[in-house]
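Novice: I'll drop the sequence and a predicted model, then ask my questions.
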Protein chains: 4
Amino acid sequence: MQVESSRIRIGMVGGGPGANIGESHRMGMRLDDRYSLLAGVFSRDQERSRAFGHALGIAPDRLYPDYRAMAEAEAQRPDGIEAVSIVTTNETHHPIARAFLEKGIAVICDKPLTVRLDDALDLYRLARDTGAIFALTHNYSAYAMVRQAARMVRDNSLGTVRVVQVEHASGWASEPLEQQGHKQALWRTDPAIGGEASVVYDLGTHAHQLLRYVTGLEVTELSAEMSTLVPGRRVYDNAQVALRLSNGARGSLWACMAATGQEHGLRIRVFGETASLDWRHEEPHHLAVRYLDGSTRILAQGGNGLATDAQRVTRVGLGHPEGFIESMANLYTDVAEALLRRRAGQPDAVEDLGYPTARDGVIGIRFVEAVAASHAGSGRWTDASIDI
Amino acid sequence: MQVESSRIRIGMVGGGPGANIGESHRMGMRLDDRYSLLAGVFSRDQERSRAFGHALGIAPDRLYPDYRAMAEAEAQRPDGIEAVSIVTTNETHHPIARAFLEKGIAVICDKPLTVRLDDALDLYRLARDTGAIFALTHNYSAYAMVRQAARMVRDNSLGTVRVVQVEHASGWASEPLEQQGHKQALWRTDPAIGGEASVVYDLGTHAHQLLRYVTGLEVTELSAEMSTLVPGRRVYDNAQVALRLSNGARGSLWACMAATGQEHGLRIRVFGETASLDWRHEEPHHLAVRYLDGSTRILAQGGNGLATDAQRVTRVGLGHPEGFIESMANLYTDVAEALLRRRAGQPDAVEDLGYPTARDGVIGIRFVEAVAASHAGSGRWTDASIDI
Amino acid sequence: MQVESSRIRIGMVGGGPGANIGESHRMGMRLDDRYSLLAGVFSRDQERSRAFGHALGIAPDRLYPDYRAMAEAEAQRPDGIEAVSIVTTNETHHPIARAFLEKGIAVICDKPLTVRLDDALDLYRLARDTGAIFALTHNYSAYAMVRQAARMVRDNSLGTVRVVQVEHASGWASEPLEQQGHKQALWRTDPAIGGEASVVYDLGTHAHQLLRYVTGLEVTELSAEMSTLVPGRRVYDNAQVALRLSNGARGSLWACMAATGQEHGLRIRVFGETASLDWRHEEPHHLAVRYLDGSTRILAQGGNGLATDAQRVTRVGLGHPEGFIESMANLYTDVAEALLRRRAGQPDAVEDLGYPTARDGVIGIRFVEAVAASHAGSGRWTDASIDI
Amino acid sequence: MQVESSRIRIGMVGGGPGANIGESHRMGMRLDDRYSLLAGVFSRDQERSRAFGHALGIAPDRLYPDYRAMAEAEAQRPDGIEAVSIVTTNETHHPIARAFLEKGIAVICDKPLTVRLDDALDLYRLARDTGAIFALTHNYSAYAMVRQAARMVRDNSLGTVRVVQVEHASGWASEPLEQQGHKQALWRTDPAIGGEASVVYDLGTHAHQLLRYVTGLEVTELSAEMSTLVPGRRVYDNAQVALRLSNGARGSLWACMAATGQEHGLRIRVFGETASLDWRHEEPHHLAVRYLDGSTRILAQGGNGLATDAQRVTRVGLGHPEGFIESMANLYTDVAEALLRRRAGQPDAVEDLGYPTARDGVIGIRFVEAVAASHAGSGRWTDASIDI
């Protein structure tokens, strides 16, 4: 049918009752009407999974007992899903993604890619070898003004980048929520699920990817310390990392989940030779550019003269703020377009400011492991590079 | 089918190629997955309308030559639309809305309700008499933090309201865009379509409704002057209005479409006995509360302790900005819930902070006419009240 | 002595114990070391006046029983004061200023110039006829970034000015402080001292002068309403004024002393053809310039590329905020320089962005009277022009 | 004479023609009228020094050829100076301060205290042994809202401090100004004068002292890297330091003189158990307090309910911004009061939030040396504590 032809058939693993992130992904799919959500496993509890999928309008025969059954069955249907969205806890990303990749189904996976580097590399290689599209939902890099920032750096609007300051310091877990039964806090502070370096997996990888996306630079070496701010917590909830970047620039990354009173706390500042950029997630539709003369120019999403990278992910226009859900939709829509090109037999678009992939996921896990290694080595400068 | 049962069957009139507002409404429908868009007339040009509707996935037999045919046919289908979204130019709202109301189909109409007061009253009465739901898309009042503001006023967090300052001063038409063929500028500066008091119809009614929504007060008298800032423009693009409110408070309303450099420029400040509120559309997920001691408290969407009115229209949570599209979705979802209650035979919910209705539309047009009358009378204080 | 030659010999009337404004003026004198405070009457209570003057280091024989004695005696001393600073309540400005002008002593008078227009004209003419320097301490126009703004308008950086929005809406008297014995509130809410239009005399004249200073335009007609927000108050504490300006532009002025929660609340926005300016007293070392493309440039005091008008009143430099006291010092220092030129027999400097004079004071009182007349005439458009 | 009795007799070394900082100190002295500047050596060039002192109104016989002569002569005059302000380049602070301390003359010394730790200790001990007052002009800690912040931490308004983020990242030397003959840049980028760790001496010590002042905590260990951002520069112009604090909290300090586009860039954030504080020098009259519920309270200087520590250094009141010069005056006035108590034979006040002293200077130099040592040791965690 004509209608379906413009929509990607997608399934979801995870994201059931009480999981905020699943709904964010679904809104991201819906906003631009580029997806039909047709299959899923929404919970390990089959009853809950079915009820949830039913409420989403998914046909009963496509609500599966587990992800393996789903990958198997969907791969055999002529109208099977073309992509799967994986929004489960970190340690399960690897086997689930693997199951779908093996069937040639595209994967849109929540970050971090995996917990261990070899798993990350495995997925990266499998995606490369199967040719399947693999997107990682570092959605912050899909904000219009982040893309504007990235383009300005590439267009040399700042001159050589000299210093980068990035932080993702949220206040969400400033209290010992895990002791109060808070669902997300429970798994994120469980070393077996969220990882001992929990804050780095969760928030640090966002900050790290944002830095890479905006500057086009890689972290080559780092010196890190992790710490636990909330008494009794079983994982690290704070990390301070000094960075050396691939062009010789310096930087600093702060990841924290107990920064009391911060809303979400993602911010990047890039200081170049002739100007600097400042983007804060609390006001994502603006980008500040600071000049040598001490003046600041605030660019607004939808304004005239912005880069096409920003324009193409702007829906309404100047003065009509877009936010978190739109950033998720930007990423999902980019992936839909890539999948439609594949479906139409067209070559992949060469897009330098597109969606993050498994390769970015690998580099992110490499970063987490380098942070842990430096921390274990009392902050010694540690290689964070990877040849990939 | 089960799936349809949770979604409202809706059609659309207007909002075709090049019409931003139509897409905003459709995104508003989609975001929370509460609507199925099943019928439409998207353009007066039948070819364009069909192609556009086709791309939206609407079945060919439900793409109609005109709104009358659509109302007629849909009313007779067992699976006909339950609601219609009207996103055409101002002067056509009345006949279109009338056609659907007469068939008992709910109407979601873009603002302003009509151009003339008697047309507005006609729709109001028809909706009342038929019992059809009639919503007016003053979506700004559907922002979470606007609802928080409205609740705080009602909860007496400010004490008696003394002064209100509201402005919708956008820079969008600071240049003579109509001379450059800009589509929206062309009709908004055409006295026959946008009205001579164009800026009051378009932006003034938003500001007026926001004031009423937040404060719960009515404008009883006003003193106004309209003016034309852009040389050669055929309508008023600026209006300054002094207000007397129903509790004796004073206010001021500024509507402008040529406020150079402003992004969108909607802002409301409410000054009470013990505190004041300040909300700006440029940063809609925050609300500032100022106190007698000179301190300011900035409330953030998703934070703990906000009113349930704000919570129930918050999707993601603290630090995850929501914007214009979400505000539209809030309004559409409120209407969907009202329609679902009707469908289920439940009584209407009594909601003091819900979506605007035809009654609000009438009061808005009464405001526009009072502004015009005061202007014609050299700013004399003019009755703006209406018994409805 | 050499030292004295670079300092102006000055006296003060008013500004004694408990009078904040007196100390602000004295700090304004001291900051740039351009004045020696040598004589004074600081209180109507002679004991208090003497003790206060003594603590300031003023010689006993120059602490006078009243201003007439002071004017008389100082005029006869070879080392008598060259200027007097008058910081008394409004209704006394006229006789005090007159006494010193008659002796050829320069006057630096707190605003408003007088309570009645004929008194204002009298001082204006006397200053003109005697050739004495007469400065009015509308110090807000002496801020560096206000002068930058004024220069940018004159340099046509905004194109033709179309609309001006100015407000001085403070929260200082949001409570009935006069009922609690608050000294300043007592006299400002006494119709016989502060005037019935108290808020217009006190804050409205500041806003009005700021508008004139920045835009170079005059208010030709106005439509006004005054009101009393705090129950039981005997003067108007709120005024809303619509403006027609001398180039045909429109404007609005809001003066309020009961705007709950506002700190000081002085703000001016000037909208031109190609850009707009926005200056707020709460952050006085910055000036926002907004452009047609939706971007905003924030200029910072001390930055490179600012007008010399701003540079010459910047003491420290970029990133070193200057505030209220510095603005007062800017005004005092401008006057000192004018007096030194006189003393040196040099012609007056022709400065288009200098300190306000008696002429500005007359225009200010004309404005107050036009506001009162329009208010009395139910908001009718009232002539506010004066040929002076 | 009565007048002199309330003013401290002071002299100055350095701060002559072209030296901004000297004028800032003099304005700091004058603002509250607590000092008489009576002696000085303003330049190594005697002619320039004399001409400059003469213009300041200093008697010719108290304009000395060098600081030794000044210390000698003033110590012998019955009306000799009680204090000296030292505003010379870093490496000269030690001998100059020593000369005056030896004569029992109080010292107000610009920061950093010295270049080398043993010199710093020498001054500290000499001041301790002679009982002379020794103030160090870390004036940022004298801002009203910084004192408010410090009091709130001590009053446990934040609960236990967990993380501190402090930065002094200015853009002033983003260009190679030293190659353009810029006076301050020349000496600050000369390793022999500004020190190889120039940015740490100049800006890092301010940030470090601000952290200590606000939190009451000491830096016990640090891991640092310095770098040179501007090609060709002979000193380090960037430093990133990870901190361990005396209560076990963590922190980060960033000092930079080449942070393109930053105005002055001093900011401190203190994250506690129940709230966090945020103070920025660009808007010094406000202090943001963030809470667990995601709301932010902005306290304004002069508002009701602030700590007396903030009130006693507020001159005008709410909505009347005070800035850099006022902060300098706060420090000078605190010292004047201490000196007046001495003069009156009263015991020193026990003030926990007073002016910084030689002890703070020693701790600051200890910090600089620890940064250099950690840097030399490839970022190894280095002891920064000192028993003093």
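Specialist: In hand now; what should we look at?
Novice: from memory residue A:48 sits against residue A:19, does it?
Specialist: No - counting by Cβ atoms under 8 Å, residue A:48 stays clear of residue A:19, with 11.1 Å between them. (Each C-beta comes from the backbone N, C-alpha and C, glycine too.)
Novice: confidence score at the spatially closest residue to residue A:235 that is not a sequence neighbour?
Specialist: Excluding its sequence neighbours, the residue lying closest to residue A:235 (Cβ to Cβ, 6 or more residues apart in numbering or on different chains) is residue A:198, at 3.9 Å. Here the pLDDT value assigned to residue A:198 is 96.
Novice: next, the buried residues of stretch A:374-385.
Specialist: Judged by neighbour count (16 or more other Cβ atoms under 10 Å in any protein chain shown), stretch A:374-385 contains these buried residues: A:374, A:375, A:379, A:380, A:381, A:382, A:384.
Novice: show me which of these is closest to residue A:213.
Specialist: residue A:384 (16.4 Å; Cβ to Cβ).
Novice: which residues are in contact with stretch A:177-189?
Specialist: Stretch A:177-189 has contacts (Cβ atoms under 8 Å, 6 or more residues apart in numbering or on different chains) with A:18, A:20, A:89, A:173, A:190, A:193-194, A:198, A:202, A:232-235, A:237, A:257.
Novice: OK, now which residue of the stretch 51-200 of chain A is nearest to chain C?
Specialist: With Cβ to the nearest Cβ as the measure, residue A:148 is the residue of the stretch 51-200 of chain A nearest to chain C, at 11.3 Å.
Novice: is it correct that that residue is in contact with residue A:288?
Specialist: No - using Cβ under 8 Å as the test, residue A:148 is too far from residue A:288 to be in contact (11.3 Å).
Novice: list the residues that contact both of the two?
Specialist: Here residue A:148 and residue A:288 have residue A:299 as joint contacts, going by Cβ under 8 Å, 6+ apart.
Novice: which of the two has more residues huddled nearby?
Specialist: residue A:148 (27 against 20; other Cβ atoms under 10 Å in any protein chain shown).
Novice: report the secondary structure element holding that one.
Specialist: Assigned by DSSP states H and E, residue A:148 falls within helix A:144-154.
Novice: CA atoms of the helix or strand just after that helix as PDB?
Specialist: Sequence-wise, the next helix or strand beyond helix A:144-154 is strand A:161-169, with elements assigned using DSSP H and E. Presented in PDB, the C-alpha positions along strand A:161-169 are these (Å, rounded to 0.1, in the frame of the first residue of the first chain):
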ATOM      1  CA  VAL A 161      39.900  24.800  18.500                       C
ATOM      2  CA  ARG A 162      42.000  25.300  21.600                       C
ATOM      3  CA  VAL A 163      40.000  24.200  24.600                       C
ATOM      4  CA  VAL A 164      36.700  22.400  25.100                       C
ATOM      5  CA  GLN A 165      34.700  22.300  28.300                       C
ATOM      6  CA  VAL A 166      31.900  19.800  28.300                       C
ATOM      7  CA  GLU A 167      29.700  18.700  31.200                       C
ATOM      8  CA  HIS A 168      26.700  16.600  31.800                       C
ATOM      9  CA  ALA A 169      26.000  17.200  35.400                       C
END
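Novice: tell me how far strand A:161-169 is from the chain's mean position?
Specialist: Distance of strand A:161-169 from the chain centroid (Cα atoms, centre = their mean, to the nearest Å) equals 18 Å.
Novice: and for stretch A:50-61?
Specialist: The chain centre lies 27 Å from the centre of stretch A:50-61; the measure is Cα atoms, centre = their mean.
Novice: can you mark which positions in it are buried?
Specialist: For stretch A:50-61, a neighbour-count test (16+ other Cβ under 10 Å) marks A:50, A:51, A:52, A:53, A:56, A:57, A:58 as buried.
Novice: residue A:48 and residue A:19: which is more packed in?
Specialist: Taking neighbours as other Cβ under 10 Å, residue A:48 and residue A:19 compare with residue A:19 leading, 19 against 14.
Novice: which residues are in contact with the residue nearest to residue A:235?
Specialist: Residue A:198 neighbours (Cβ under 8 Å, 6+ apart): A:188, A:189, A:191, A:235, A:236, A:237, A:257.
Novice: now it: how far from chain D?
Specialist: Residue A:198 sits 16 Å away from chain D, going by Cβ to the nearest Cβ, to the nearest Å.
Novice: got it, and residue A:104?
Specialist: 44 Å.
Novice: over to residue A:303?
Specialist: Distance from residue A:303 to chain D, counting by Cβ to the nearest Cβ: 20 Å.
Novice: hang on, the earlier thing: look up the closest residue to the residue of the stretch 51-200 of chain A closest to chain C, ignoring the ones flanking it.
Specialist: Nearest residue to residue A:148 in three dimensions, chain neighbours excluded: residue A:310, at 4.0 Å (Cβ to Cβ, 6+ apart).
Novice: sorry, back to before: out of the buried residues of stretch A:374-385, which are inside strands?
Specialist: In this view, these that belong to strands under DSSP state E are residue A:382.
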